[in-house]
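*Asks:* Whatever this is, show me its structure:
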Amino acid sequence: MSDKAFRLSLSFLSIFSALVLTIGILYLFFTSDNTLPQNPLIEESTQVEETENKIPVVKTTTPETFDSLLGTVTAIKNRYPDIIKVYTAGYSESGKEILMYTLGNGNKNALITGAIHAREHITTKYLLKVTEDYCNAYYSATGYYGNYDIYNLLNEYTLYIIPCANPDGLEIILSNETPEKNVRVSKLSEYKANKKGVDLNRNFPIAWDYINNGVSSPADYYFKGYQSGSAKETQVLMKLCLENDFAFMISVHIKGNCIFWGDTYKTQNNMLYKAFAEDICNASGLLMTSPTKKAKDYGGGFENWFRHQFDRPGVCIELSDVENIVLPCGSENYKDFDNFVNYEKSSNAIAAAMASSNK
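*Replies:* This next block holds a predicted model:
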């Protein structure tokens, strides 16, 4: 081959190689996704939102029994294993597990409890639904639940949630178990106490000696116990609080559409507690109360004991309107669950508490 032919061949190969390279680059450009890489969590959350969450885990049309509660909590944990962990907080007077789960991965801790009164078991369902909704929001594209940045809040906080603090009472109401024989029961549908007839929300060691409500023996409600802190369920809650550095606690109840946030036992921190409660009220539509004055009304109370033991906010949230009739032995209140507990607004309460505690 002549030198001229050889040079022409090299030129042709160079041009052909450059053409092939250009075509390859153009192909990659037009066929690839040339957007910025997304956060892997956002990609995963979009998939969760579009598939699994079409079918909610929490069913709000029926009560949660002791037997069904573990299954529901486990199902939520299995869907959101990165932010839900399940534990046993302790055991009731009859040896039933007091189920607890944590929500979030933060370094700050807070405690939320429901159904310390047996007849108020709809508060268990409320906490389960709030948990699932917050999880959905955490993995959503925005990370927001309403006006609250749940993604960041649950990375700051770990919420210790006990959906039913009184499992024996729950079974007396829902599953035909019976209290101990010496417990006076005037109306089963009003049963609040544990199996031994102790009203757990009158059993904590705060102004306990000053409680004088006319109930001096085991009963369906108001009996404070023969000694403060005597009930096993009370001891479980106290131990949990003493062993963990809770920034605040919330005890969820059912009737009043309000927040009890302070009392007159000690008043030096009431301005702090009031500001905390006001933030929750503004977010949830709940009504503010005045500090509780009578020992028979605040003595032995869980949130009252917490406030005075740790000098930190502890509030009682009453979900339902005063005029609503509580019918705990059936499923009547679950027929219109969202309206009964004012869910659209009240579900903001725990998020608002985390945000307020950050101030």
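
*Asks:* chain center to stretch 229-242: distance?
*Replies:* Centre-to-centre, stretch 229-242 and its host chain are 19 Å apart (Cα atoms, centre = their mean, to the nearest Å).

*Asks:* Buried residues in that stretch, which are they?
*Replies:* 229, 231-234, 236-238, 240-241 (16 or more other Cβ atoms under 10 Å). Bear in mind the C-beta positions are built from the backbone N, C-alpha and C, glycine included.

*Asks:* contact partners of that stretch?
*Replies:* 89-93, 98, 100, 111, 113, 116, 160, 162, 165-166, 168, 194, 196, 198, 200, 203-205, 225, 249, 302, 305-306, 309-310 (Cβ atoms under 8 Å, 6 or more residues apart in numbering).

*Asks:* Drop anything exposed from the residues you listed.
*Replies:* By neighbour count, with 16+ other Cβ under 10 Å, the contacts of stretch 229-242 hold 89-90, 92-93, 98, 100, 111, 113, 116, 160, 162, 165-166, 168, 194, 196, 198, 200, 203-205, 225, 249, 302, 305-306, 310 as buried.

*Asks:* What residues does the residue nearest to residue 211 when sequence neighbours are not counted make contact with?
*Replies:* Excluding its sequence neighbours, the residue lying closest to residue 211 (Cβ to Cβ, 6 or more residues apart in numbering) is residue 299, at 4.0 Å. Counting by Cβ under 8 Å, 6+ apart, residue 299 makes contact with 202, 206-208, 210-211, 224.

*Asks:* Could you identify the buried members of those residues?
*Replies:* 202, 206-208, 211, 224.

*Asks:* Narrow those to those in strands?
*Replies:* Judged by DSSP state E, strands contain none of those.

*Asks:* I'd like those residues laid out as a markdown table, including pLDDT and distance to residue 132.
*Replies:* Output for the buried ones among the contacts of residue 299, formatted as a markdown table (pLDDT from 0 to 100; distance: Cβ to Cβ, whole Å):
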| residue | pLDDT | distance to residue 132 |
| --- | --- | --- |
| 202 | 98 | 32 |
| 206 | 98 | 33 |
| 207 | 98 | 37 |
| 208 | 98 | 37 |
| 211 | 97 | 37 |
| 224 | 98 | 35 |
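
*Asks:* Among those, which one lies nearest to residue 333?
*Replies:* Closest approach between the buried ones among the contacts of residue 299 and residue 333, by Cβ to Cβ: residue 202, at 24.0 Å.

*Asks:* separation between that closest one and residue 269?
*Replies:* As judged by Cβ to Cβ, to the nearest Å, residue 202 and residue 269 stand 23 Å apart.

*Asks:* just checking, which of the buried ones among the contacts of stretch 229-242 belong to strands?
*Replies:* Going by DSSP E, the strands hold 89-90, 98, 100, 111, 113, 160, 162, 249 from the buried ones among the contacts of stretch 229-242.

*Asks:* And those, which is closest to residue 315?
*Replies:* residue 249 (7.7 Å).

*Asks:* Check the contact between the closest one and residue 113; I expect there is one.
*Replies:* Yes: the pair residue 249 / residue 113 is scored as a contact, 7.4 Å apart, by Cβ atoms under 8 Å.

*Asks:* Would you map the helices across the stretch 201-350 of the chain?
*Replies:* With DSSP state H, counting those that start in this stretch as the criterion, the stretch 201-350 of the chain has helices at 232-243, 270-284, 295-298, 302-310, 337-340, 343-346, 349-357.

*Asks:* mind checking which of those is nearest residue 138?
*Replies:* helix 349-357 (11.0 Å).

*Asks:* Run the chain-centre distance for the closest one.
*Replies:* So, by Cα atoms, centre = their mean, the centroid of helix 349-357 is 11 Å from its chain's centroid.

*Asks:* Just the residues contacting that helix, thanks.
*Replies:* Contacts of helix 349-357 (Cβ under 8 Å, 6+ apart): 108, 110, 112, 130, 134, 145-146, 148, 150, 153, 156-157, 159, 247-248, 250, 275-276, 279-280, 282-284, 286, 313, 315, 317.

*Asks:* can you rerun that using 7 Å?
*Replies:* For helix 349-357, contacts defined as Cβ atoms under 7 Å, 6 or more residues apart in numbering pick out 110, 112, 130, 145, 148, 150, 153, 157, 247-248, 250, 276, 279-280, 283-284, 286, 317.

*Asks:* got the CA coordinates for that helix in CSV?
*Replies:* The C-alpha trace of helix 349-357 is given here as CSV (Å, rounded to 0.1, in the frame of the first residue of the first chain):
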residue,chain,number,x,y,z
ALA,A,349,-51.4,17.5,69.4
ILE,A,350,-48.3,15.2,69.7
ALA,A,351,-46.5,16.9,66.9
ALA,A,352,-47.2,20.3,68.5
ALA,A,353,-45.9,19.0,71.8
MET,A,354,-42.6,18.1,70.2
ALA,A,355,-42.3,21.4,68.5
SER,A,356,-43.2,23.3,71.6
SER,A,357,-40.7,21.4,73.7
